[in-house]
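A.B. asks: Mind looking at a prediction? Sequence and model below.
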Amino acid sequence: MDDEVVSRRKRRTEPMPLSEPLARSEHMLPDRDATEVRPAVARRSRRGWIVALLLVLAAAGAAFWLHPVQVQQQGGHRGGGRFRGGDLAQPVAVAPVTQADIPIVLEALGTVTPLSTVTVRAQVSGQITQIGFTEGQNVKKGDFLAQIDDRTLNASLHQWQGQLEHDQALLADAKLDLDRDLKLTSNAITQQAVDLQRATVQSDEGTVVSDQAQIEAVQVNIANSHITAPADGRIGLRLIDQGNYVTPGDATGIAVIAEMQPISVLFSLPEDSLAQVLEQTHGNAGLKAVLFDRNDTKQIAEGTLQTIDNQIDPTTGTVKLRAVFPNTDGVLYPNQFVNVHLLVRTLTGVSVLPNAAIQHGAPGTFVYQLNDDSTVSVKTVALGPGSATVTQLLSGLAPGAKVVVDGVDRLKDGAKVTVPDNSAAPASGTVPAAGAAPAQPQAVGTGSPAAGTPPANSGNTHAASSGNASAASTGQGGQAGEGTDASGDAAGRKHHRHHRRDGGGNAGAGDNGGDSGASQ
C-alpha cells in the first residue's frame, strides 16, 4: 500500500518529455477541414427549425381562426335556433293583412298660453294700506285685491262738492235777475242789459257742469283706489308689499292674473300640412286636439282647434294654431311645454300591415309572405299613411295574407319556415283606441319557448286619447312606423310615438337590424 502511494507521487513529480506535450497539443487542435464544414451544417439546421416553427404557428393560427366558425355552425345544427345554418326551417311569427281604421294625426310641439293675462296696476298715486289677496289664489272678477290711501281724494271730493253748491247758487241768482229784466218794460232797461244777463246765466250753468265733472273724476279716483280683480283667473306672486307708495307709472304692477279655465295651447305646423287642416275646417268643424306631456308618453288633456293664424312665418315655413282646452282639473299651466296631437281625419276600413313586417332593400319596400308550403316569398308593396303599429296597404298583397313580423333577419325568397301555434298574431279590425296597447304578434325565440323572447314590436305601445288612436301624419305612406325597431327594452321607448308617412313606398317600419334586436 505504501509502495503504491510512493510510486504515484513519483510519477506526478517526474518531468514530462517534450515530445509528449506536443503530441497532446496536436491532438487537441481541431482539424481545419472539420471546422470549415461544421458551421455550414449548423446554419442549414437552424433554418430548417425556423421554417418548421413558422409553419406550426401558421397552422395553429389558421385552426384558431376557423375554430369559432365551426363551433358556431355545429351549435346552430344542434340547437335548431334562429341563427342555425343549412336548410333547416326557421321559426317565425306571422300576422295577417286585416281591415282597420287609421286616424291621421299631425304632431307638433306646443306651449300652454292663457287666453287672458292681466297685470294689475295702480291707477292713482298713494300708499298701499291693505293687501286683500293670497298669492296663488283663484279670484273672480270684482274680488278685492288692494287698497290705496284715499283720504286726499275724499278731501278733494268735498272741496269740489262745496264749489258746486256755490256755483249753483250763483246760477240761481243770475236766473232770477234775468227773469226780472224780462218782465220790465223796454223803457226801464235796455236790450243790451238783458242780453248781458242772459250770458251770465249761461256762464254760471257751464261752471256748474264743470264742477260736476270734477266731482265725478274724484269719485272715479276714489273707486280706483279700491283695487279689484279685472278678470277671473289665478293670481300670481305679490309684486309689491303693503306700505309702499305706488303711482300709475310703475312698471311692475301689483300682481298678475292669468286665466286658467279655459286655457289655450299655441303650436306650429309646417306649411305643407296646412292644406289638409284647412280642408277639414272649411265647415268650422273643430278638430280634436290631444295633449301629451313633455316626454310624449302620458295624455294630459283633450280639446279642440280654435283658430289658425292668418299668415305663414317666412323664416320657419310654419303657421301658428291655437287649440282650447277646458282645463277643469288644472293640469295645464301657463308656459308649460306639451306635445300636441291634432286628429285631422280617419281612414275607415282600409287594409293594413303590421309595421314589424315592412322591410326595405333592393326590391324596394317589401314583406315576406307565408305560403301554403311553409315557405316565404318576397312581395313588394305600396304603402299609404299609417299609425304607430300599422300602415295602410295600397297594393301588393291580398286581404288575409300572412306576413312575417319576427324572424326576418335570416330569411330569403323561398326559405322554409315554421310557425309555432302561439306565434300567429290575432287579427284586429280597428287600430287600438287611446290609452290601450295594441295586440302584437309574439316573437319566436331561438330555442324553446322558455327562452323569454319579448313580444315583437313591443316598443311601439300605443297611448292616445279615448276615441282617438294616436297615428300617422301626412296622407301618403313613405315612412310607416317603427315596428321592427322594437327591441326587448321597451321601457325606454315612447309608447305612442307616431311618425309622418309619405305615400310612395318608404315605409319606415323596421329594417333587418331592428328586427334582429326584437327577437334576441
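C.D. replies: Everything's here; your move. Worth saying up front: this structure is predicted, and the values here are computed from it rather than measured. Numbers count the residues shown, from 1 in each chain.
A.B. asks: Residue ranges in this protein under the pLDDT threshold?
C.D. replies: For the chain, the stretches with pLDDT under 70 are 1-44, 67-87, 185-186, 283-285, 422-520.
A.B. asks: can we see that at 80?
C.D. replies: 1-48, 63-87, 184-188, 282-285, 421-520 (pLDDT under 80).
A.B. asks: Show me the helices in it, by range?
C.D. replies: 2-13, 19-28, 32-79, 151-183, 191-224, 274-280, 512-519 (DSSP state H).
A.B. asks: Could you name the helices and strands sitting against the fifth one?
C.D. replies: It refers to helix 191-224. helix 151-183 (3 or more CB pairs under 8 Å, 6 or more residues apart in numbering; DSSP states H and E). Quick note: C-beta positions are derived from backbone N, CA and C, even for glycine.
A.B. asks: Give the other helices and strands that the helix it packs on contacts.
C.D. replies: Helix 151-183 sits against helix 191-224, with contacts defined as 3+ CB pairs under 8 Å, 6+ apart.
A.B. asks: in the helix it packs on, what's buried?
C.D. replies: 194, 197-198, 200-201, 204, 207-208, 211, 214-215, 218, 221-222, 224 (16 or more other CB atoms under 10 Å).
A.B. asks: give me phi/psi at Asp232?
C.D. replies: phi -80, psi 150 (degrees, to the nearest 10).
A.B. asks: Now do the same contact list for it.
C.D. replies: Contact analysis of Asp232 by CB atoms under 8 Å, 6 or more residues apart in numbering lists 139-141, 259, 261.
A.B. asks: Can you tell me which of those residues is closest to Leu239?
C.D. replies: For the contacts of Asp232, the residue nearest Leu239 by CB to CB is Val139; the value is 15.1 Å.
A.B. asks: Ignoring the adjacent residues along the chain, who's closest to the closest one?
C.D. replies: Counting by CB to CB, 6 or more residues apart in numbering, the nearest residue to Val139 once its immediate chain neighbours are dropped is Ala229, at 4.4 Å.
A.B. asks: what about Val290, distance to Phe267?
C.D. replies: Look at Val290 and Phe267: by CB to CB, to the nearest Å, they are 12 Å apart.
A.B. asks: Between those two, which contacts overlap?
C.D. replies: With CB under 8 Å, 6+ apart, Val290 and Phe267 have common neighbours Val340.
A.B. asks: follow-up on the earlier one: make TSV from the contacts of Asp232 and add neighbour count to it.
C.D. replies: Listed next are the contacts of Asp232 as TSV, based on neighbours: other CB atoms under 10 Å:
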residue	neighbour count
Val139	22
Lys140	10
Lys141	11
Glu259	18
Gln261	17
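A.B. asks: now, among those residues, which is nearest to His158?
C.D. replies: Closest to His158, out of all of the contacts of Asp232 and judged by CB to CB, is Lys141, at 31.2 Å.
A.B. asks: thought that closest one was touching Ala229?
C.D. replies: Yes. Contact criterion CB atoms under 8 Å: Lys141 and Ala229 qualify, at 5.7 Å.
A.B. asks: all strands for the stretch 201-350 of the chain, in order.
C.D. replies: 226-228, 233-235, 245-246, 255-258, 263-270, 288-292, 299-313, 318-325, 337-354 (DSSP state E, counting those that start in this stretch).
A.B. asks: In a markdown table: those, plus distance to Val112 and mean neighbour count.
C.D. replies: Shown next, in a markdown table, are the strands of the stretch 201-350 of the chain (distance: least, CB to CB, whole Å; neighbours: other CB atoms under 10 Å):
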| stretch | distance to Val112 | mean neighbour count |
| --- | --- | --- |
| strand 226-228 | 27 | 18 |
| strand 233-235 | 13 | 22 |
| strand 245-246 | 31 | 17 |
| strand 255-258 | 10 | 22 |
| strand 263-270 | 5 | 21 |
| strand 288-292 | 9 | 24 |
| strand 299-313 | 9 | 16 |
| strand 318-325 | 8 | 20 |
| strand 337-354 | 6 | 21 |
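A.B. asks: Now distance to Lys175 too, for those strands, in JSON lines please.
C.D. replies: Shown next, in JSON lines, are those (distance: least, CB to CB, whole Å):
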{"stretch": "strand 226-228", "distance to Lys175": "39"}
{"stretch": "strand 233-235", "distance to Lys175": "54"}
{"stretch": "strand 245-246", "distance to Lys175": "45"}
{"stretch": "strand 255-258", "distance to Lys175": "51"}
{"stretch": "strand 263-270", "distance to Lys175": "61"}
{"stretch": "strand 288-292", "distance to Lys175": "70"}
{"stretch": "strand 299-313", "distance to Lys175": "60"}
{"stretch": "strand 318-325", "distance to Lys175": "61"}
{"stretch": "strand 337-354", "distance to Lys175": "71"}
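A.B. asks: Nearest to Glu107, out of the ones you listed?
C.D. replies: Nearest of the strands of the stretch 201-350 of the chain (CB to CB): strand 337-354, 5.6 Å.
A.B. asks: Distance check, Ala231 against Gly136.
C.D. replies: According to CB to CB, Ala231 and Gly136 sit 16 Å apart.
A.B. asks: Please apply the same query to Leu332.
C.D. replies: Shown here: Leu332 relative to Gly136, a distance of 16 Å by CB to CB.
A.B. asks: Who has more neighbours out of those two?
C.D. replies: Neighbour count, other CB atoms under 10 Å: between Leu332 and Gly136, Leu332 has more, with 23 against 10.
A.B. asks: Give me the phi and psi for the more buried one.
C.D. replies: Leu332 adopts backbone torsions of phi -90, psi 140, taken as degrees, to the nearest 10.
A.B. asks: ok, it - contacts?
C.D. replies: Leu332 touches 112, 260, 263, 265, 291, 300-301, 325, 338, counting by CB under 8 Å, 6+ apart.
A.B. asks: Just give me the closest of these to Arg46.
C.D. replies: Taking those together and measuring to Arg46 by CB to CB, the closest member is Val338, at 81.3 Å.
A.B. asks: so the closest one bridges to which residues?
C.D. replies: Using DSSP bridges, the bridge partners assigned to Val338 are Gly110.
A.B. asks: Surely it touches Asn295?
C.D. replies: No. With contact defined as CB under 8 Å, Val338 does not count as touching Asn295 (10.6 Å).
A.B. asks: hang on, the earlier thing: and the two most separated of the contacts of Asp232?
C.D. replies: Using CB to CB, the contacts of Asp232 reach their maximum pairwise distance at Lys141 and Gln261, which is 13.3 Å.
A.B. asks: List the buried residues in stretch 130-144.
C.D. replies: Per 16+ other CB under 10 Å, stretch 130-144 contains these buried residues: 131, 133, 137, 139.
A.B. asks: Let me know the closest of those to Leu411.
C.D. replies: Out of the buried residues of stretch 130-144, the member with the shortest distance to Leu411 (by CB to CB) is Gln137, at 65.5 Å.
A.B. asks: The closest one against Ile235, yeah?
C.D. replies: Yes. Taking contacts as CB under 8 Å, Gln137 lies within contact range of Ile235: 5.4 Å.
A.B. asks: count of neighbours near Val417?
C.D. replies: 21.
A.B. asks: hey, what's it bridged with?
C.D. replies: Gln90.
A.B. asks: Quick one: residues contacting it.
C.D. replies: By CB under 8 Å, 6+ apart, the contact list for Val417 reads 89-92, 370, 374-376, 404, 407, 411.
A.B. asks: Going by neighbour count, which of the residues you listed are buried?
C.D. replies: Among those, those classed as buried by 16+ other CB under 10 Å are 90-92, 370, 375-376, 404, 407, 411.
A.B. asks: want to try a markdown table for the residues you listed, with distance to Asp250 as columns?
C.D. replies: Converted to a markdown table, the buried ones among the contacts of Val417 look like this (distance: CB to CB, whole Å):
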| residue | distance to Asp250 |
| --- | --- |
| Gln90 | 78 |
| Pro91 | 76 |
| Val92 | 74 |
| Leu370 | 76 |
| Thr375 | 82 |
| Val376 | 77 |
| Val404 | 72 |
| Gly407 | 72 |
| Leu411 | 74 |
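A.B. asks: closest to Ala59 among those?
C.D. replies: Nearest to Ala59 among the buried ones among the contacts of Val417, counting by CB to CB, is Gln90 at 35.6 Å.
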